[in-house]
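I'd like to go over a predicted model; first the sequence, then the structure.
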Amino acid sequence: MERRFDEELKHLKERLVGMAGMAEQSIGRAIKALVDRQAALAQAVIQDDVAINQLEVEIEDTCLGLLARYQPEAKDLRFIAMIFKIVNDLERVGDQAVNVSERTLDLLKEPLLKPLIDIPKMAVLAQQMLKDALDAFVNQDAELARAICRRDDEVDHLNDQVYHELLVYMTQDPKTITRAVDLILIGRHLERIADHATNIAEDVYYLVRGHTIKHRLAGE
Amino acid sequence: MKPTEAPKLIVQDLDLYYGDFQALKRIQMSIVSRQITALIGPSGCGKSTLLRCFNRMNDLIESVQMRGRILLDGQDIADPSLPLVTLRKRVGMVFQRPNPFPLSAFENIAFGLHLHALAAGRRIHAIVEQSLQAVGLWDRLKDRLHQPALRLSLEEQQRLCIARAMAIKPEVILLDEPCSTLDPIATGKIEELLYALKEHYTIVIVTHNMQQAARVSDTAGFLLLGELVEFGPTNRLFTNPRDPKTEAYITGRFG
């Protein structure tokens, strides 16, 4: 039986997917601003984050209302609880895109330190992880969710690589330090985005299967 | 929520006494059209008394005295130019216990139509069908319309009573604990029905069941000892009540 509650859940889900789309887009634009050296685009990412923050507050409010009014059980309860958490991760993704943009604005004051290869690669991976995590959510696909968690290692690996490469620049020429630090931080922001995508994937897994794969608790 | 709609019912400074006992104290509220408004509160708080004011059911009780006004679309419901029969046609009521007449399902609905001379002949059949369709009973009953209504299940009887109230095309439907004799599944179905009906009707429901109020209503009021302690959007009332008494009641810390 289709309940009125189902209708409200569906609406909630649509809004979450909308918010995820905005967060995903923020990452893409932040990296484009960095690679193409577009200050205006970096500024836009920072400004547009307000809308993501606003959605976080609204969706949390809706979740609270649904919990209070329907007192959901079982999967309905897990669904709302997970949305509560996912919204938080998405908001943080938006913040990380803002951080990337702020570093970009710094970097644009000076010439390019080096051609960017691994950082855009990290961004693409992180963005794809986030997109897949949301697809897993929409399709309630536990296996896709589990696979996303494994991909986090790739991003971590690239981040290490970026770090060590830039360390070499800094030791060889102190004039590169500010730019190298900015790039190291960008690597870290992207690595964090992948972590948030992983969190979301773990939450989706829990939502679908009812047990967690966090902190290597999968086998229990 | 449609905040632009004018209130269907406005209660102004309503006091009600049963003899010396004051059952309602200075009630003020506006009930919005095409919304579900729920009244909650512990037994004896006055919520049913307030509901019964809206179609002057309390007039039947001799010791009752009232002060203040209730406006229906801006008109005082005590105004002699609004005959009681007309008021009750515009403001229908469904009671706690399903109370179909000891007649067939068909005659239960046709009864009000005859009484108010609203329809005759074939038109009656059409209205009976429409009303039963609206409450989701038509498919179940169409082949046994002329069997006694009292043979239906309680949930079906309550649906029939709602259909009977709707057949005379009221504007407001008052429901006094409409689900208290029903099991959770039947209750869920009635709630879904109310949700569907609010597209066309203004619904006021009194319920002991706080969760029910939370689930079905757009606006909710909490009454305590005859006072309307809090009245506002259901979502707000159940997530962030303004009055500590409301909070104590809805969280079960009452008394």
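Sure thing, it's come through. Numbering: from 1, shown residues only, chains lettered A, B, ... in the order given.

contacts and neighbour counts: CA atoms only from here.
Will do.

How is residue 23 assigned, secondary-structure-wise?
Unless you meant another one, I'm taking chain A. Following DSSP: H, G, I helix; E, B strand; the rest coil, we place A:Ala23 in the helix state.

Chain B was what I was after
For B:Ala23, the assignment made with three-state DSSP gives strand.

so what's it up against?
B:15-17, B:45-46, B:49, B:225-226 (Cα atoms under 8 Å, 6 or more residues apart in numbering or on different chains).

from the residues you listed, which is closest to chain A?
Nearest to chain A among the contacts of B:Ala23 is B:Cys45, at 22.1 Å by Cα to the nearest Cα.

That closest one: neighbour count?
Per other Cα atoms under 10 Å in any protein chain shown, the neighbour tally for B:Cys45 reads 19.

before we move on, which element is whichever residue of chain A sits closest to chain B in?
With Cα to the nearest Cα as the measure, A:Arg69 is the residue of chain A nearest to chain B, at 4.5 Å. A:Arg69 belongs to helix A:39-70 when assigned by DSSP states H and E.

for A:Thr104, same thing?
Assigned by DSSP H and E, A:Thr104 belongs to helix A:74-107.

same check, this time on A:Gly28
helix A:4-35.

Out of the contacts of B:Ala23, which sit inside helices?
Secondary structure from DSSP state H places B:Thr49 of the contacts of B:Ala23 in helices.

Put the buried members of the contacts of B:Ala23 into a ChimeraX selection.
The following ChimeraX line selects those of the contacts of B:Ala23 that are buried, judged by 16 or more other Cα atoms under 10 Å in any protein chain shown:
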select /B:15,16,45,46,49,225,226
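
In JSON lines: the contacts of B:Ala23, plus pLDDT and distance to A:Asp173.
As requested, these are exported to JSON lines (pLDDT from 0 to 100; distance: Cα to Cα, whole Å):
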{"residue": "B:Asp15", "pLDDT": "97", "distance to A:Asp173": "85"}
{"residue": "B:Leu16", "pLDDT": "96", "distance to A:Asp173": "88"}
{"residue": "B:Tyr17", "pLDDT": "96", "distance to A:Asp173": "90"}
{"residue": "B:Cys45", "pLDDT": "94", "distance to A:Asp173": "80"}
{"residue": "B:Gly46", "pLDDT": "94", "distance to A:Asp173": "82"}
{"residue": "B:Thr49", "pLDDT": "95", "distance to A:Asp173": "85"}
{"residue": "B:Leu225", "pLDDT": "95", "distance to A:Asp173": "80"}
{"residue": "B:Gly226", "pLDDT": "96", "distance to A:Asp173": "81"}
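
May I have the helix or strand following the helix holding A:Thr104 as PDB, with CA atoms only?
Downstream of helix A:74-107, the next assigned helix or strand under DSSP H and E is helix A:118-139. The C-alpha trace of helix A:118-139 is given here as PDB (Å, rounded to 0.1, in the frame of the first residue of the first chain):
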ATOM      1  CA  ASP A 118      47.400  13.800 -10.300                       C
ATOM      2  CA  ILE A 119      45.200  16.500  -8.600                       C
ATOM      3  CA  PRO A 120      42.700  16.600 -11.500                       C
ATOM      4  CA  LYS A 121      42.800  12.800 -11.500                       C
ATOM      5  CA  MET A 122      42.000  12.700  -7.800                       C
ATOM      6  CA  ALA A 123      39.100  15.100  -8.400                       C
ATOM      7  CA  VAL A 124      37.600  13.000 -11.100                       C
ATOM      8  CA  LEU A 125      37.900   9.900  -8.900                       C
ATOM      9  CA  ALA A 126      36.400  11.600  -5.900                       C
ATOM     10  CA  GLN A 127      33.600  13.100  -8.000                       C
ATOM     11  CA  GLN A 128      32.800   9.700  -9.500                       C
ATOM     12  CA  MET A 129      32.800   8.100  -6.100                       C
ATOM     13  CA  LEU A 130      30.300  10.600  -4.900                       C
ATOM     14  CA  LYS A 131      28.200  10.200  -7.900                       C
ATOM     15  CA  ASP A 132      28.200   6.400  -7.500                       C
ATOM     16  CA  ALA A 133      27.500   6.600  -3.800                       C
ATOM     17  CA  LEU A 134      24.300   8.600  -4.700                       C
ATOM     18  CA  ASP A 135      23.400   6.100  -7.500                       C
ATOM     19  CA  ALA A 136      23.800   3.300  -4.900                       C
ATOM     20  CA  PHE A 137      21.500   5.300  -2.600                       C
ATOM     21  CA  VAL A 138      18.900   5.900  -5.300                       C
ATOM     22  CA  ASN A 139      19.000   2.300  -6.500                       C
END
